[in-house]
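Trainee: missing the sequence, but the structure's below:
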């Protein structure tokens, strides 16, 4: 079983519905750690040693956050700037993250149809998350497309939130138990709609 | 003198023994007092005399209780309760009186039947409120409804006192009217009587609103505590006297005075000053009720009196169930509402006395009825206990599911000390929508801050009774910004002992104070000058032209190191002699650390914020 680390970033949790629902849906999964960045570092004074240790102790690293300006909340950028040190994350001796799975779990305001080449936002979510994909590549992480909840600005019906939560939970458990085809997943636009493989481990 | 002291001693000793026993058995203090009364009364050990006089004097406890109840009720809240008061109360009194009157009419002339109906419709304010408060049920739906009915009953006593003598059919034996000591209002013509009565009420309201605060403020400034107590007692007694003079119930007057002062900053101080007197008087009052149970009469006419008691409780409970249905009190609370008010009240003793002296009721009618009322009062706390035992289970489990994010307004915070530091703490909390209950010992401070809209109360926060009335039992957090190490320690010890649920945050003057608070096992300790020192340092470095963001990070690192160093320093402190040198060592250590971290940090900053690989 793989160990999962969720680096959770939401600067206004009291006003978040979906991120909290997603988080609550997975928080009791065995071998899963939730690291709430804004709660741990309200002053952005990220404890680099602690964060590096957390990454080293887990096999799957997830950044769960709302999509802000087609990117992450500020603290994730700060985290990347400080934690991904040379000789630890990258460089000839930097192999700490090698082979770990990495993806983003994002909530986006527009509908899925707006994140298309001919849609309102002109780029797909896979394209918009390219900087982190490049970062992952440099750090020898095994990148997966984002798990995406779209259309949150209009507000999601309760049933839909429950569906997304259940899917998120199912996906995390499947990844933990290595029952998904990673190569196939990497071809997908998003991590949603994955189907477990029946091949033995 | 000796005889008086002996009587007093017997009362005190009886309560000191019986109340803890009753409480231990889960029966509540009222039942304890009543049993003590039976034991030391004429049918027990026969240790006390002049029962009637004692009862009369200690009835004043009821007056004080209503003053305290008034203090808890702001005028706006009272206005909100107007429908329950008139609706529940009016309906209960009218229907109960009518029903009892009809039953009594079978055996007695109509005048006597009406008198009995009126007298028995009343319930016991003293027992019920005391029990509700003890069980923390005052704020529940049933508690509020019960209180509304009791308030109406207290008001209804006034016209009853006026009507009763008109029902007289028997020749009177003694002086029917009790003369006022100071001034007899009944010598005046009717319209002037009304005018005097109204102006007395107006006087209480206006004086309470405008005159009391400056007077209390002046007294508070003297800092002599017993004078404040004297003034508080004087206020209650004076109001009562005035009300009695104009023929109104003193309890009503005290209640009004309480309501008027509910908005004032002295509310908690007044509450905690009057509370012990109330408790003592009420206790003795309950004892005298217990002692007045005429056991030989009861055993002679056992069937009759038991029948009367059961009938009384059954009729009253029935009416209360009807009232609660009409006014849609939630199903779960109906039971409490019905059993809480099903007993006779202490006003029945007063009214029966009046009925006897003014020739309304013959003695052989009164005696069994008084016994029935007394027994029903005795049963009231028992019924509370039974109700509690039987109704506990279903409601309990629903509480489990708590909300994830609590509304900020619901937080219950006490801020002790509103000086230089506390003021800013309070402002900050209030700006975030958290309204602390603020306690301060400086009267002029308090009045200014109240003008600015803070909820500040005058008083010494290291007093347990004041903490209690500020709601420490239900509060979540206590912030101590007294600025004085000794008082802070005292307050912490008090709070830890009596309110173990309270989280505590304290302000410490200096490092030594921090250690003393660490001795008391407090986790959240803040040195009052530390934050400012760092800010000044930060400003200084910025003035020197050092990069502002770098300074910001240096400040945060310094802060963290200081916090990290504290426990270690604390551990070594026990060897007092080593302390100074150790401190110096640590200081050097800190410097080392600072330098080290500086470099470390700058390197890591370079790594993080420059786009090139430092190896290249």
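Mentor: Received, thanks. All of these numbers come straight from a predicted model, not from anything done at the bench.
Trainee: burial count for residue B:302?
Mentor: Counted by other C-beta atoms under 10 Å in any protein chain shown, the residues lying close to residue B:302 total 10. All C-beta spots, glycine's among them, are computed from the backbone N, C-alpha and C.
Trainee: Enumerate every residue touching it.
Mentor: Residue B:302 sits next to no residue when contact means C-beta atoms under 8 Å, 6 or more residues apart in numbering or on different chains.
Trainee: distance of it from residue B:295?
Mentor: 10 Å (C-beta to C-beta, to the nearest Å).
Trainee: Beyond the longest helix anywhere in chain A, next helix or strand please.
Mentor: When chain A is parsed with DSSP state H, its longest helix is helix A:158-176. Per DSSP states H and E, the first helix or strand lying C-terminal to helix A:158-176 is helix A:182-187.
Trainee: same for that following helix, what does it pack against?
Mentor: Packing contacts for helix A:182-187, counted by 3 or more C-beta pairs under 8 Å, 6 or more residues apart in numbering or on different chains; DSSP states H and E, involve no helix or strand.
Trainee: Quick one: residues in contact with it.
Mentor: A:101, A:142-145, A:191, A:194.
Trainee: ok, so of these, who is nearest residue B:270?
Mentor: residue A:191 (65.0 Å; C-beta to C-beta).
Trainee: Quick one: list the elements packing against whichever helix or strand residue B:259 is part of.
Mentor: Remark: residue B:259 resides in helix B:250-261, with elements defined by DSSP H and E. Applying 3+ C-beta pairs under 8 Å, 6+ apart, one finds that helix B:250-261 makes contact with helix B:60-72, helix B:75-80, helix B:141-163, helix B:190-206, helix B:225-245.
Trainee: rerun at 6 Å
Mentor: helix B:60-72, helix B:190-206, helix B:225-245 (3 or more C-beta pairs under 6 Å, 6 or more residues apart in numbering or on different chains; DSSP states H and E).
Trainee: buried stuff in the shortest one?
Mentor: The neighbour-count criterion (16 or more other C-beta atoms under 10 Å in any protein chain shown) identifies B:60-72 as the buried residues of helix B:60-72.
Trainee: and the residue of the stretch 1-150 of chain B found nearest chain A, which of the three is it?
Mentor: Residue of the stretch 1-150 of chain B nearest chain A, by C-beta to the nearest C-beta: residue B:139 (27.0 Å). Per DSSP: H, G, I helix; E, B strand; the rest coil, the local secondary structure of residue B:139 is coil.
Trainee: how near is residue A:168 to chain B?
Mentor: Using C-beta to the nearest C-beta, to the nearest Å, one gets 18 Å for the distance from residue A:168 to chain B.
Trainee: residue contacts, that residue?
Mentor: A:22, A:25 (C-beta atoms under 6 Å, 6 or more residues apart in numbering or on different chains).
Trainee: Quick check: it vs residue B:290, distance?
Mentor: Residue A:168 is 67 Å from residue B:290, by C-beta to C-beta.
Trainee: where along chain A do the strands fall?
Mentor: A:4-8, A:32-36, A:60-66, A:101-107, A:142-143, A:147-149 (DSSP state E).
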